[in-house]
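# With the sequence up front, the predicted model follows.
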Amino acid sequence: AAMGPAPHLKRTGGTAAVKAMLLEWCRARTRGYQHVDVQNFSGSWGSGLAFCALLHSFFPDAFDYGSLEPGARRHNFALAFATAEERAGCAPLLEVEDLVRLPVPDAKCVYTYLQELYRCLVAKGLVKTKKR
């Protein structure tokens, strides 16, 4: 009898595993930040504060997180994306105006942006990855 998981399960599990890892990483990095509770790649990012908290966890001197307000969505998104570009070299893949227009950010867009931010932070040596 064949042992191990069916080959078709490995392929679908890969993306789910990466998504789960990225979400847990975001949750761990933003734990303890006021007004931030990362549970998903959509609504959890709606105020812009989760992006700010994530970046502040790497660059605490970049801005005063305590002065940010959940209702100042445009400011929060703009601050986060500018900080990511300046400090981490992360391309601004998301448009502030698009995010402000939507009550809940698109999960695929947020996920893609967070993958790129993670990649940039790894490239700068700010995130350690396990060697395979």
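Now that the structure is in, tell me what you want to look at.
# center of this structure, which residue is that?
Nearest to the mean C-alpha position of the chain, by C-alpha atoms, centre = their mean, lies residue 114 at 3.8 Å.
# Now that one: closest residue in space that isn't a chain neighbour?
Closest residue in space to residue 114, ignoring its immediate chain neighbours: residue 22 at 5.8 Å, by C-beta to C-beta, 6 or more residues apart in numbering. No exception for glycine: its C-beta is placed from N, CA and C like everyone else's.
# Please apply the same query to residue 86.
residue 62 (7.9 Å).
# still on that earlier bit, so the residue nearest to residue 114 is in contact with residue 118, correct?
Yes: look at residue 22 against residue 118 with C-beta atoms under 8 Å: they come within range, at 6.4 Å.
# more neighbours, the two?
Higher neighbour count among residue 22 and residue 118: residue 118, with 20 against 16, using other C-beta atoms under 10 Å.
# Wait, the more buried one touches residue 126, no?
No: counting by C-beta under 8 Å, residue 118 sits too far from residue 126 to count as a contact (9.9 Å).
# For those two, list the residues in contact with both.
Among the neighbours of residue 118, none is also in contact with residue 126 (C-beta atoms under 8 Å, 6 or more residues apart in numbering).
# re earlier: before we move on, could you check phi and psi at the residue nearest to residue 86?
Per-residue torsions, residue 62: phi -70, psi -40 (degrees, to the nearest 10).
# If I look at it, what pLDDT would I see?
Looking at residue 62, its pLDDT is 97.
# is it true that it touches residue 85?
No: assessed by C-beta under 8 Å, residue 62 is found out of contact with residue 85, at 11.4 Å.
# which one of those two has more residues nearby?
Ranked by neighbour count (other C-beta under 10 Å), residue 62 and residue 85 place residue 62 first, with 17 against 13.
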